[in-house]
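Colleague: sequence and computational prediction follow.
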Amino acid sequence: MRDVQHGDYADVVALDLSWLDLPADLKTQQVSVVTGNAEGLLVKDGQIRFITPEDPGVNTEVVLKVALANADVLVPVEIES
């Protein structure tokens, strides 16, 4: 695994749980990356947060999986270059 310096990140993403219709008590352990390049996944202060290392020069997509008690929810996120 390559050590990425803070200045190398393409984007810092913060998604509001309420905007996604996800429960306010969601835990980081319930969220995982299905596809795409995302690091530092964290649920904090009513948001899902992560960073994307390096900018590939084109828009990319990260898909998150949120494991809820009754179903898994996929959350696609477009990362602009």
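Modeller: Alright, I've got the coordinates.
Colleague: wait, doesn't A67 sit right on K27?
Modeller: No - between A67 and K27 there is no contact under C-beta atoms under 8 Å: 9.6 Å. (Each C-beta comes from the backbone N, C-alpha and C, glycine too.)
Colleague: what segments of this protein are strands?
Modeller: Secondary structure of the chain by DSSP state E: the strands cover 9-16, 31-35, 39-44, 47-53, 60-67, 72-79.
Colleague: relative to L22, which of those is closest?
Modeller: strand 60-67 (6.1 Å; C-beta to C-beta).
Colleague: next, the angle from that closest one to strand 9-16.
Modeller: Orientation of strand 60-67 against strand 9-16 (axes from the mean of the first three to the mean of the last three C-alpha atoms, to 10 degrees) gives an angle of 40 degrees.
Colleague: ok, the residue of the chain positioned farthest from its centre to P23 distance?
Modeller: Largest separation from the mean C-alpha position in the chain: N70, at 21.0 Å (C-alpha atoms, centre = their mean). From N70 across to P23, the span is 11 Å (C-beta to C-beta, to the nearest Å).
Colleague: including mean pLDDT and mean neighbour count, could the strands of the chain go into JSON lines?
Modeller: Formatted as JSON lines, the strands of the chain follow (pLDDT from 0 to 100; neighbours: other C-beta atoms under 10 Å):
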{"stretch": "strand 9-16", "mean pLDDT": "84", "mean neighbour count": "15"}
{"stretch": "strand 31-35", "mean pLDDT": "97", "mean neighbour count": "15"}
{"stretch": "strand 39-44", "mean pLDDT": "95", "mean neighbour count": "14"}
{"stretch": "strand 47-53", "mean pLDDT": "93", "mean neighbour count": "19"}
{"stretch": "strand 60-67", "mean pLDDT": "95", "mean neighbour count": "16"}
{"stretch": "strand 72-79", "mean pLDDT": "94", "mean neighbour count": "14"}
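Colleague: distance check, the closest residue to A10 other than its chain neighbours against L20.
Modeller: Closest residue to A10 apart from its sequence neighbours, by C-beta to C-beta, 6 or more residues apart in numbering: D55 at 3.6 Å. Look at D55 and L20: by C-beta to C-beta, they are 24 Å apart.
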